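[1] Build me a structure from this.
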Amino acid sequence: MLIRESRFTTRWPRMQCLQKPCPGLPLLAGMFVLPGLFVLLCASVGRADEPQLRLRLKDGTSFVDGQLKASQANDRISIKSPLLEQPVTFDVRSVRSIAGDYSPDVVDEGHIFLLEGGTRISGALKSWNQRALQVESPSLGLVQLRRSKLRSVEAAEDTGTRVYSGPKSIDDWLILDDTDKWTFAAGALKSPDLEAKAAGNVQLPKKFRLVLSMSWDGRADFVMSLGCKEQKKKPKPAADEQARVRRSMVQPTQESAAVRLEMWDAQLAVVREVGNLADIAVLPLDDGVSKFDMVFYIDQIAGLVAVYSPRGKMLEKIRVAEDKGQAQSYALLENHGKSVSLDRFDVYEWDGHLPDSTEYPDSYLLDKDGTVINAEVIGFDAQTGELQLVDPEGTDQQIPLEDVRRILLVEDVDGDDVAETEIEATDGTAVDADSDTQGTDTDAEDTDADDQDTGDTDVDDAAQEAAADDRRDVGSVNGPTFESIAMDESRLIEVDIADSSRLVGYLVPAKKSRFGFRSNGVAGVVSCDADQIVAMTGSALRFTPDPLPGLTGILTTPHGRLQGCLVETTDAKQSRVLRWQAWASDTPAAISPDQSGSITYVGPSQSAARNRRAKVVAAVPVERPRGLGELIGGIFGAGGDPPDGNKAGGNAKDAMEKPKPQFEIVFRSGDTVDGVVESVDDRGVTFRSSETTTKFVPHDKMDSITLARMTSKPAYDPAKLKRLLTVPRANKDDPPTHLFVSTNGDYLRGRLVGINAEKVGVEVRLSVQEIPRDKIARVIWLHERPWLDDKQTAAEDKSKTDLDTDQANDRDPEQVAGDAIPQILVHAVRPDKRGVTFVPKKLVDGTLIGVSDLLGDCKVQLESIDSLLFGPDVGEKALALRKESWKLSLAALPKAYLESAGGDGSASSSGVQSPLVGKEAPEIRLDTIDGERFVLTEQRGRVVVLDFWASW
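    Predicted coordinates for the structure are as follows:
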């Protein structure tokens, strides 16, 4: 659990009792000081590990995990993610939400002060008069609130404990449909289109407060049921029972749901139904809106449902009681239209008292015993801790603040005489119109470059802070300055703070890398550290940023998924070649070289490129030639010299000069190029390709080569393919090294001897045969031989260990400290799932240029690929794209040689375990070719020669 420094700061005064003289003080001091040091040490360690939050953008795709960083520009928020080397700064208008998986400590001290507009400050009351209040917040420090904007005060211990916060993952929800297409991304549970159903045990108590956010695509048609019994997936109905039934004809009964939220066209209906009784509240939604954020107060036993806006305004209230009401803990989401997304589902315990009440039109207090006191709060005595009240008859009263459970204050229609400054915030910037300086708080300074008049720069910081302190002091002559901020819905945000405070307002710069906020009803700028921010919610308005400067793609890693583009660069540093400009971000940031992920390209440009690059293997309407087996059988025993890759036949020179079609050349690394194989000899493969400057690759780097198109698609019979890759144990020390595929789909195992312009040399059963090159479609290297690879790997590991030891002994210690940063590798994947791996050097005109250890200089046009893999494990990812597996295996041992329990597996001992041992052998009777009967026992005393053939 994260231990916050501010908590220890507020609770430390409890130890002041140790200052009193008492016997044994040194011993007690030692007992308390050591634990105190340990606690402070833990606090400092806790602050070092800043909380991980997830920032989601309004494009519906992008999210990124990391730590929040304050920006020195207005309406900007930054996040430092392991995905990128530098913090990324986003326009606050593009932010949909920010949230994390951790929960702060439950606040059970002090009070919660709720202002008009939704701002909520948690802390200890310091002063209260007709103009303003002072509240000491653990996270925000001393905050001054405008009395006329205050709507309620509530004891922190009565706000309710959070019992569920989600959706956390798809595993928390039981999928009840058969689509298997529910997804969990960016912290939201998203359903597929049409007839999707999921249930979750969200631990709904009898009385609860629900903070719910949902969004959808197209026309919404879904039902969210709250308070359901445990759900179980039903078996799939028979075919004759699958006729579609309209949802309106099968409404769920009260037995299965306490409250239903239904979408009726562009309206959200809240339904409570008990038998023949029902109450419905209809909440119209604005045109074009595809989401809602609301707060529900629900009493499952009393049948009460109250709906509030996120700002704290009551929208509707319904009540349908049931004689034997029961509380159920499940929620059920049924979707009957386009995809719907469950974005936020936070459940809190609730004491049954609504934040707003229509029963008392005047201000009132509710004490700990539940007694309602009709009175107005006019002051607070900090020394005695008592509130000063006046009832409707004008009688003064006092009540200890600690005995107050809730205070409800009606709107002050007469206003107050607090100094007010109108603020123009067309760009989200709060500017003091009556002052030459920006802001009224010592913790913040506006730095917007668009502001022309920034005041007298000759005033020193000390004078500014002194003036600001005077404005913050409630007891000063003029009192605090409250700024009425002009509303700009697109920039408005809600911020949840660790001490249970919530700010509704605008982001502004603050000093000391703190987050600054301006909010109506709060004096000046309040600020907090990044680790005090629990969640943040942006406006519901859509946002369209400036166009991206490059080809749009989606960057995906375990730390996030960001829509954006690669920015052109000629930076020589490897870690900064791949620079990503995220959607709605201000500047690009370099992808961290230790990150592993991919960039996927989508859109019309990729479709066109895919059509240009895709290879279509079509059957050629020619006469079917003889099979490869017939061809080899016809020339077996013919002998002849193997083809020489460096020496061609009579007209080989002319043949090589003719332009030849380029075919796929695949390497063991997963790299692929299109080229022409010139020759193959005992050293390796010589080829030419326009995609690389490399001309030669040794055999141990090769995977396969294509020499000609196939006239028919090969049939992959699993049983035959298994036999093809099975090596007889007699050949285990000399297995086949290559697999040859003819143009008509036949296969042949053997050893490649060489290739020239006309012939392919193949060694089969110790005999070298020549096959016309145009009859061979493909040659595959059979590198995977596990029974030999294990021995070879062990030998190589020992050799490598010895070499590393020698190099470590000879290495200069100064050289170790100066090691270069690791290079980032990329693998460009074409539409046919083939590609090339290289180290990127620069990106120019949409072409990524780099160097491959195997292929030399490489370049790839981004519009011609489907994706770009990157990271330390890019080689493994490239190999995983290969769908073919040409792995040889040894034939199984005969049963007589299988190792028996406790035996050594040798031929002399394993056979005695056979059930035939000790039994009389049956008579051997055979019919000869001449038709005579042959009985083996009749040949006793004669020499009998048995000539037979067997394999396994």
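
[2] Quickly find the element holding residue 547.
    Residue 547 belongs to no helix or strand when elements are defined using DSSP states H and E.

[3] And for it, the neighbour number?
    A count of nearby residues for residue 547, using other CB atoms under 10 Å, gives 8. For glycine as for every other residue, the C-beta is placed from the backbone atoms N, C-alpha and C.

[4] And residue 404, by the same measure?
    Burial of residue 404, expressed as a neighbour count using other CB under 10 Å, amounts to 19.

[5] On the strand side of things, show who it bridges to.
    Beta-bridge partners for residue 404, by DSSP bridges, are residue 367.

[6] ditto for residue 121
    Beta bridges link residue 121 to residue 113 when assigned by DSSP bridges.

[7] contacting residues around the nearest residue to residue 152 once chain neighbours are set aside?
    Among residues not flanking residue 152 along the chain, residue 114 sits closest, at 4.6 Å (CB to CB, 6 or more residues apart in numbering). Contact criterion CB atoms under 8 Å, 6 or more residues apart in numbering gives 120, 150, 151, 152, 153, 154, 312, 355 as the residues in contact with residue 114.

[8] Turn those into a markdown table, columns for neighbour count, secondary structure and distance to residue 721.
    Written out in a markdown table, the entries for those read as follows (neighbours: other CB atoms under 10 Å; DSSP: H, G, I helix; E, B strand; the rest coil; distance: CB to CB, whole Å):
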| residue | neighbour count | secondary structure | distance to residue 721 |
| --- | --- | --- | --- |
| 120 | 22 | strand | 68 |
| 150 | 23 | strand | 78 |
| 151 | 22 | strand | 75 |
| 152 | 19 | strand | 74 |
| 153 | 23 | strand | 77 |
| 154 | 22 | strand | 72 |
| 312 | 20 | coil | 68 |
| 355 | 18 | coil | 70 |
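
[9] Specify which member of the residues you listed is nearest to residue 828.
    Lowest distance from residue 828 to the contacts of residue 114 (CB to CB) belongs to residue 120, with 51.3 Å.

[10] okay, now the closest residue to the closest one other than its chain neighbours: neighbour count?
    With CB to CB, 6+ apart as the measure, residue 502 is the residue that lies nearest to residue 120, at 4.2 Å, once sequence neighbours are left out. The tally of other residues near residue 502 (other CB under 10 Å) stands at 22.

[11] which is the next helix or strand following the helix or strand where residue 723 lies?
    Secondary structure here is read from DSSP H and E; on that basis residue 723 sits in helix 718-724. Using DSSP H and E, the helix or strand that directly follows helix 718-724 along the chain is strand 726-727.

[12] So what touches that next one?
    Under the criterion CB under 8 Å, 6+ apart, external residues in contact with strand 726-727 comprise 735, 736, 785, 888, 889, 890, 891.

[13] Can you verify my assumption that the second one contacts residue 750?
    Yes - using CB atoms under 8 Å, residue 736 makes contact with residue 750 at a distance of 5.7 Å.

[14] in which helix or strand would I find residue 787?
    Using DSSP H and E, residue 787 sits within helix 786-810.

[15] about what we covered before: my read is that the residue nearest to residue 120 contacts residue 519, right?
    No - in this structure residue 502 lies outside contact range of residue 519 using CB under 8 Å: 9.7 Å.

[16] where does the stretch 251-400 of the chain dip in pLDDT?
    Confidence mapping of the stretch 251-400 of the chain against pLDDT under 70 gives the ranges 251-257, 311, 356-361.

[17] hang on, I meant the stretch 701-850 of the chain
    When residues are selected by pLDDT under 70, those of the stretch 701-850 of the chain lie in 714-716, 789-822.

[18] just the strands in it please.
    Using DSSP state E, counting those that start in this stretch, the strands of the stretch 701-850 of the chain run over 702-706, 726-727, 738-742, 747-755, 759-764, 767-772, 776-781, 826-829, 835-844, 847-852.

[19] want to try CSV for those strands, with distance to residue 681 and mean neighbour count as columns?
    Rendered in CSV, the data for the strands of the stretch 701-850 of the chain read as follows (distance: least, CB to CB, whole Å; neighbours: other CB atoms under 10 Å):
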stretch, distance to residue 681, mean neighbour count
strand 702-706, 13, 21
strand 726-727, 25, 16
strand 738-742, 14, 22
strand 747-755, 5, 21
strand 759-764, 10, 21
strand 767-772, 14, 18
strand 776-781, 14, 21
strand 826-829, 29, 26
strand 835-844, 25, 21
strand 847-852, 23, 18
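
[20] Mind checking these for the one nearest to residue 696?
    Closest to residue 696 of these, according to CB to CB: strand 702-706, at 10.9 Å.

[21] what are the pairing partners of that closest one, and which direction each?
    Each strand that pairs with strand 702-706, with its direction, by DSSP bridges: strand 663-667 (antiparallel), strand 776-781 (antiparallel).

[22] quick one, it and strand 747-755 angle?
    Per axes from the mean of the first three to the mean of the last three CA atoms, to 10 degrees, the angle that strand 702-706 makes with strand 747-755 is 90 degrees.

[23] Can you tell me how far residue 697 is from residue 705?
    The gap separating residue 697 from residue 705 is 10 Å, by CB to CB, to the nearest Å.

[24] joint contacts of these two?
    Counting by CB under 8 Å, 6+ apart, the shared contacts of residue 697 and residue 705 are 685, 687.

[25] give the contact list for residue 782.
    Contacts of residue 782 by CB under 8 Å, 6+ apart are 735, 736, 737, 738, 739, 749, 886, 888.

[26] Pick the one among the residues you listed closest to residue 86.
    Taking these together and measuring to residue 86 by CB to CB, the closest member is residue 886, at 44.5 Å.

[27] Any idea how many residues pack against that closest one?
    As a burial measure, the neighbour count of residue 886 was computed by other CB under 10 Å and equals 17.

[28] Show the contacting residues for it.
    If you count contacts by CB under 8 Å, 6+ apart, residue 886 has them with 725, 739, 780, 781, 782, 784.

[29] And those residues, which two are furthest apart?
    725 and 781 (13.2 Å).

[30] Identify the bridge partners of residue 827.
    residue 837, residue 869.

[31] Would you quantify the distance from it to residue 865?
    Taking CB to CB as the criterion, residue 827 is separated from residue 865 by 10 Å.

[32] residues in contact with the residue nearest to residue 663 when sequence neighbours are not counted?
    Ranked by CB to CB, 6+ apart and with sequence neighbours excluded, the top spatial neighbour of residue 663 is residue 706, at 3.7 Å. Listed by CB under 8 Å, 6+ apart, the contact set of residue 706 reads 663, 664, 665, 777, 778.

[33] Just name the closest of those to residue 178, please.
    For residue 178, the nearest member of those is residue 664. The distance, counting by CB to CB, is 40.0 Å.

[34] quick one: contacts for the closest one?
    Residue 664 touches 615, 672, 673, 674, 704, 705, 706, 834, counting by CB under 8 Å, 6+ apart.

[35] Provide the partner residues of it in its beta bridges.
    Counting by DSSP bridges, residue 664 forms beta bridges with residue 674.

[36] Tell me which of the strands paired with strand 702-706 approaches residue 555 most closely.
    Minimum separation from residue 555 across those (CB to CB) falls at strand 663-667, 26.9 Å.

[37] All set now, cheers.
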